[in-house]
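In: Pasting the sequence and the predicted model now:
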Amino acid sequence: LGTGKKSYEAKVKKVMGKGGRTAAVVKFAPRVARMIFAGSDYLLVPSRFEPCGLIQMQGMAYGAVPIVASTGGLVDTVKEGVTGFH
């Protein structure tokens, strides 16, 4: 879900065209994002640079476990063993 470098978008679209159990939406679609978060068990965020990082917080709000790179805002908001629930 989302947009980025055109070369990556083309690769994603190529994989989508092969069928199977892979899906992608190459555009910004907040409604689809909420459905993906709500149906996810985990959220993979392998960013090398992430100054803030909202995606992991959105995922956590829907109960998805964030698996993130140790960088920027990701390391500030995702703590090992801390759920945020009381």
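Out: Good, I have the coordinates.
In: So for stretch 48-65, what gets flagged as buried?
Out: Across stretch 48-65, burial judged by 16 or more other Cβ atoms under 10 Å covers 50, 53, 55, 56, 58, 59, 60, 64. All C-beta atoms are positioned from the backbone trio N, CA, C, and that covers glycine.
In: Residue 15 contacts residue 24, correct?
Out: Yes: in this structure residue 15 lies within contact range of residue 24 using Cβ atoms under 8 Å: 7.4 Å.
In: wait, residue 55 sits on residue 44?
Out: No: using Cβ under 8 Å, residue 55 is not in contact with residue 44; the gap is 10.1 Å.
In: where does residue 49 land in three-state SS?
Out: Three-state assignment for residue 49 (DSSP: H, G, I helix; E, B strand; the rest coil): coil.
In: then the lowest-mean-pLDDT helix or strand in the chain to CSV, C-alphas only?
Out: Every helix and strand in the chain was compared by mean pLDDT, DSSP states H and E; the lowest is helix 72-77, with a mean of 85. The C-alpha coordinates for helix 72-77 follow below in CSV (Å, rounded to 0.1, in the frame of the first residue of the first chain):
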residue,chain,number,x,y,z
GLY,A,72,14.8,7.3,13.9
GLY,A,73,11.3,7.6,15.2
LEU,A,74,10.8,3.8,15.0
VAL,A,75,13.3,3.1,17.8
ASP,A,76,11.7,5.9,19.8
THR,A,77,8.2,4.5,19.7
